[in-house]
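Visitor: Just the structure for this:
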Amino acid sequence: MARTSEEELLTELRKIDSPTITNAVATYPANPLCLGLYNPWTENWYTDSSIRCMFPELGPVVGYAVTCVYGLPDPNYGNRLSFMDVIDALDASTKPAILVFQQKFPPELSSKVGLAGEVMATSMQAVGCVGAISNGPSRDIDAIRRMKFQLLLGGVTGGHGAMAVQAVNVPVSVGDMDVSPGELIHMDENGAVKFPADKLEAVLNAAKAILEEEAQRLDALRQATTAAEVRAASSGGAYSEQKR
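Guide: Numbering: from 1, shown residues only. The predicted structure follows:
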């Protein structure tokens with residue numbers, strides 16, 4: 001039997017919602033279908049409610065993480081890096097890529113930085129980037145929507161002042177999700193989740209098995225009309241009664 005290609009695996013992964021992916025990655029470590037890649041509470045492997053999906057209609061998006069850090073220009077650093085260094089990193093990345101950019105601006109400015117607009121998003125898309133995630137705001141949302149380029153952001157605002165790239169392809173933290181370059185990112189309107197790229201096939205297989213099991217459970221629940229039938233349908237699931 002021919003080995004499934006990476007492109008085919010990514011295509012299949014894009015058919016699955018992010019909550020199911022989190023269930024496969026780490027949410028229910030006691031479930032034999034869960035891979036248990038992280039401690040679900042102590043490790044930062046998915047985004048929190050500070051991050052909002054701009055274009056839910058695009059559905060799930062999957063890509064390999066490229067990272068960068070933005071902040072105010074620093075005369076002591078000399079502003080040695082630029083957005084073109086980010087473009088070079090995206091160009092060199094395994095495709096498709098997702099840019100995860102951490103914004104490190106002073107608190108009084110952090111909600112006013114409309115960082116990645118139409119020009120930046122178009123440049124990223126040209127080198128195989130399919131979306132971006134940031135802990136701060138961006139702008140030109142109307143134009144980027146037409147590009148079908150997904151954004152998960154801390155907000156939206158119309159302008160910005162001088163800013164600079166401080167680091168490229170370093171570990172970052174965005175929306176309480178810690179990301180290293182090369183990790184796989186799965187994101188949709190529920191948020192984003194990361195996992196090691198070498199676990200792609202394992203995560204996909206676990207997610208498919210979880211969906212199959214949930215479909216059977218949901219079918220039984222939809223036919224239930226009493227608490228006893230709900231209890232029977234839920235037996236062995238995440239919401240069933242704990243054994244005493």
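Visitor: domain assignment for this protein?
Guide: 16-37+198-244, 45-195 (automatic domain parsing).
Visitor: Give me the most central residue, this structure.
Guide: residue 192 (2.6 Å; Cα atoms, centre = their mean).
Visitor: That one is in what secondary structure piece?
Guide: Using DSSP states H and E, residue 192 maps to strand 191-195.
Visitor: who's in contact with that strand?
Guide: With contact meaning Cβ atoms under 8 Å, 6 or more residues apart in numbering, strand 191-195 is reached by 18, 21-22, 25, 37, 45-48, 51, 53, 65, 133, 152, 175, 177-179, 183-187, 203. The C-beta positions use only the backbone N, C-alpha and C, and glycine is treated the same way.
Visitor: other SSEs contacting the helix or strand following that strand?
Guide: Next in sequence after strand 191-195, counting helices and strands by DSSP H and E, comes helix 200-223. Judged by 3 or more Cβ pairs under 8 Å, 6 or more residues apart in numbering; DSSP states H and E, helix 200-223 is in contact with helix 6-13, helix 18-22, helix 227-234.
Visitor: hey, which of those helices is tucked in deepest?
Guide: helix 18-22 (a mean of 22; mean count of other Cβ atoms under 10 Å).
Visitor: Can I get that helix in CSV? Just the C-alpha atoms.
Guide: Taking Å, rounded to 0.1, in the frame of the first residue of the first chain, the C-alpha atoms of helix 18-22 are listed here in CSV:
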residue,chain,number,x,y,z
SER,A,18,-9.6,22.6,16.3
PRO,A,19,-11.4,21.3,19.5
THR,A,20,-11.2,17.7,18.0
ILE,A,21,-7.5,18.3,17.4
THR,A,22,-7.0,19.4,21.0
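Visitor: can you give me the offset of whichever helix or strand comes after it from its chain's centre?
Guide: As assigned by DSSP H and E, the chain's next helix or strand after helix 18-22 is strand 52-53. Here strand 52-53 is found 10 Å from its chain centre; the criterion is Cα atoms, centre = their mean, to the nearest Å.
Visitor: Which secondary structure elements does the helix or strand of the chain with the lowest mean pLDDT sit against?
Guide: Taking mean pLDDT, DSSP states H and E as the measure, the helix or strand of the chain with the lowest value is helix 227-234, at a mean of 87. Helix 227-234 is packed against helix 200-223, with contacts defined by 3+ Cβ pairs under 8 Å, 6+ apart.
Visitor: Name the surrounding residues that touch the helix it packs on.
Guide: Residues contacting helix 200-223 (Cβ under 8 Å, 6+ apart): 4, 6, 9-10, 12-13, 16, 20-21, 23-25, 31, 33-35, 184, 195, 229-230, 232-234, 237.
Visitor: okay but residue 28 is in contact with residue 34, surely?
Guide: Yes. Assessed by Cβ atoms under 8 Å, residue 28 is found in contact with residue 34 at 4.8 Å.
Visitor: And these two? Which one has more around it.
Guide: Set residue 28 next to residue 34 and count neighbours by other Cβ atoms under 10 Å: residue 34 wins out with 19 against 16.
Visitor: got the contact list for that one?
Guide: 23, 24, 25, 26, 27, 28, 206, 210.
Visitor: Neighbour-wise, which one of the residues you listed leads?
Guide: Most surrounded of those: other Cβ under 10 Å gives residue 24, at 30 neighbours.
Visitor: Quick check: that residue vs residue 96, distance?
Guide: 20 Å (Cβ to Cβ, to the nearest Å).
Visitor: One more: residue 154?
Guide: From residue 154 across to residue 96, the span is 23 Å (Cβ to Cβ).
Visitor: Residue 136 now?
Guide: 23 Å.
Visitor: Compare neighbour counts for these two and give me the winner.
Guide: residue 136 (25 against 17).
Visitor: thinking that one is in contact with residue 152, fair?
Guide: No. Taking contacts as Cβ under 8 Å, residue 136 lies outside contact range of residue 152: 11.4 Å.
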